[in-house]
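>>> Take a look and give me a structure for this.
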Amino acid sequence: MLGPKQSKAALTLTELLCVIAIIGILIALYLGPIAKAFAKVKRLFSTE
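Numbers count the residues shown, from 1 in each chain. Next comes the predicted model:
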């Protein structure tokens, strides 16, 4: 049973760390292609 201080909706520390890790991995995976696309757009619109 749950104690008076525990609630069912609260995340445990382990779950919180897992969510942060997953978000970090997704950001790392998408950062490369986004940076390349940004550089390409910057080259297209450069006036030099």
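>>> okay, and for the chain, where does confidence drop off?
1-9, 47-48 (pLDDT under 70).
>>> what about 50?
Within the chain, not a single segment meets pLDDT under 50.
>>> Quick check: the residue most central in space within it vs Arg43, distance?
Against the mean C-alpha coordinate of the chain, by CA atoms, centre = their mean, the closest residue is Ile23 at 3.0 Å. Relative to Arg43, Ile23 is positioned 30 Å away (criterion: CB to CB, to the nearest Å). The way it works is simple: take the backbone N, C-alpha and C, and place the C-beta from them, glycine included.
>>> Same check on Ile34?
Separation of Ile34 from Arg43 (CB to CB) stands at 15 Å.
>>> For the residue nearest to the centre of the chain, give its distance to Phe45.
From Ile23 over to Phe45 the distance is 31 Å, taken as CB to CB.
>>> Quickly find the element holding the residue nearest to the centre of the chain.
In this structure, Ile23 sits in helix 13-44 according to DSSP states H and E.
>>> again, but for Ala10
Going by DSSP H and E, Ala10 is not part of any helix or strand.
>>> OK, contacts around it?
Neighbour list for Ala10: empty [criterion: CB atoms under 8 Å, 6 or more residues apart in numbering].
>>> if we can go back for a sec, and the helix holding Ile23, how far out from the chain middle?
Computed by CA atoms, centre = their mean, to the nearest Å, the chain-centroid distance of helix 13-44 equals 6 Å.
>>> just stretch 36-48 next, same as before
Relative to its chain's centre, stretch 36-48 lies at 25 Å (CA atoms, centre = their mean).
>>> Flag every buried residue along that stretch.
Neighbour counts over stretch 36-48 (16 or more other CB atoms under 10 Å) mark no residue as buried.
>>> export it as CSV, just CAs?
Output in CSV follows, covering the C-alpha atoms of stretch 36-48 (Å, rounded to 0.1, in the frame of the first residue of the first chain):
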residue,chain,number,x,y,z
LYS,A,36,23.9,20.8,-41.1
ALA,A,37,20.6,22.1,-42.4
PHE,A,38,21.2,25.4,-40.6
ALA,A,39,24.6,25.7,-42.2
LYS,A,40,23.1,24.9,-45.6
VAL,A,41,20.4,27.6,-45.3
LYS,A,42,23.0,30.1,-44.1
ARG,A,43,25.1,29.3,-47.2
LEU,A,44,22.1,29.7,-49.5
PHE,A,45,21.2,33.2,-48.1
SER,A,46,24.8,34.5,-47.6
THR,A,47,25.5,37.6,-49.7
GLU,A,48,29.2,37.0,-50.2
